[in-house]
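**Student:** give me a model of this one.
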Amino acid sequence: MKSNKTILLVDNEKDMFGFLRNDLIKEGFLVECIESDKKCLKYASKHHPDFILLNVSTPKMSTIEVCRALRYNHNAKNIPIIMLSANHTESDIVEAFAAGTDDYVIKPFSIKILVARINAIFRRTKNKPKNIITVEDITLNMTAREVVLKGKKLKLTFSPFEILLLFIKNLETVFTRKQIVKAIRGENYPVTERAVDVHIVEMRKLLKDYGTCIKTVRGIGYKLSIEPLKFDVL
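**Tutor:** Predicted coordinates:
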């Protein structure tokens, strides 16, 4: 049965295109193939496929960087991604999820299992409200401006909410205090470094166990670092 869902297969290994493309077509998907990681972002941003399969090849970091770039791109950030990789160490998998992949399938794999995982992600994302970001047990609703931790709503004022949103959208990115203020208030908002520090202390208390994930980078600023990571953005 044809699903009318388009899958973008990104792979530097041409041999992979043949069997995987044919198998996915047999399963009812429309398949587009790109041989270069660098062309993936441009294609996904313009054509917006329903799904992206990133085959991790050499160099590995190229694929990781593409995944991260897709998550930061306004037109492509909501497209589900699965990484296909022969790398199976814990650090490889954590790195992939930190970059923003929705799932990680270790090669060799069964096409039936891959399709099942693709369909599971489609089901999981189909009826979710938009503008929801989930990281581990933290759910941030950008429309309602609510933060929920393990089912309990947190009371965050404007600035802490915007700081948390900034951190969650840019996991592992270090921000100076001035960059934080600029991102949430604009260029001309007068604020002291102390004000940012106070908000960080407040957020750490409210986030409880996850408060330790807001890291202080000495001499620079702050970042949000969560491992192992389950990342889902709609």
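
**Student:** what about the strands in this structure?
**Tutor:** Assigned by DSSP state E, the strands in the chain fall at 6-10, 30-34, 51-55, 81-85, 103-106, 132-135, 138-141, 146-149, 152-154, 175-176, 214-217, 221-224, 231-233.

**Student:** can you give me the helices for the chain?
**Tutor:** In chain order, the chain shows helices spanning 14-26, 37-47, 60-72, 90-99, 111-126, 158-169, 177-185, 193-206, with DSSP state H as the criterion.

**Student:** tell me which of those helices approaches Lys150 most closely.
**Tutor:** Distances from Lys150 to each of those were compared using CB to CB; the shortest belongs to helix 193-206, at 12.1 Å. The C-beta positions use only the backbone N, C-alpha and C, and glycine is treated the same way.

**Student:** for the closest one, which positions count as buried?
**Tutor:** Along helix 193-206, these residues count as buried under the neighbour rule (16 or more other CB atoms under 10 Å): Val196, His199, Ile200, Glu202, Met203, Leu206.

**Student:** and of these, the nearest to Glu32?
**Tutor:** When the buried residues of helix 193-206 are compared for distance to Glu32 (CB to CB), Met203 comes out closest, at 41.7 Å.

**Student:** the closest one contacts Tyr210, doesn't it?
**Tutor:** No - because the distance of 9.5 Å does not satisfy CB atoms under 8 Å, Met203 is recorded as not touching Tyr210.

**Student:** shaky segments in the protein?
**Tutor:** Within the chain, the stretches with pLDDT under 70 are 1-3, 12-17, 36-38, 57-61, 125-130, 185-193, 227-234.

**Student:** can you list the domain ranges for it.
**Tutor:** Structural domains of the chain, as assigned by automatic domain parsing, span the residue ranges 6-126, 132-233.

**Student:** now the most centrally placed residue in the chain: phi and psi?
**Tutor:** Among the residues of the chain, the smallest C-alpha distance to the mean C-alpha position (CA atoms, centre = their mean) belongs to Gly100, namely 2.8 Å. Note on Gly100: its backbone torsions stand at phi 120, psi 10 [degrees, to the nearest 10].

**Student:** likewise Gly28?
**Tutor:** Gly28 has phi and psi values of phi 100, psi 0 when expressed as degrees, to the nearest 10.

**Student:** what about it, neighbour count?
**Tutor:** Per other CB atoms under 10 Å, the neighbour tally for Gly28 reads 12.

**Student:** how about Lys26?
**Tutor:** The criterion is other CB under 10 Å. On that basis, Lys26 has 10 neighbouring residues.

**Student:** quick one: it from Gly151, how far?
**Tutor:** The gap separating Lys26 from Gly151 is 42 Å, by CB to CB, to the nearest Å.

**Student:** show me the contacts for the nearest residue to Leu165 once chain neighbours are set aside.
**Tutor:** The shortest distance from Leu165 to any residue other than its chain neighbours is 6.2 Å, reached at Leu140 (CB to CB, 6 or more residues apart in numbering). Residues counted as contacts of Leu140 (CB atoms under 8 Å, 6 or more residues apart in numbering) are Ile132, Ile133, Thr134, Glu146, Val147, Val148, Leu164, Leu165, Ile168.
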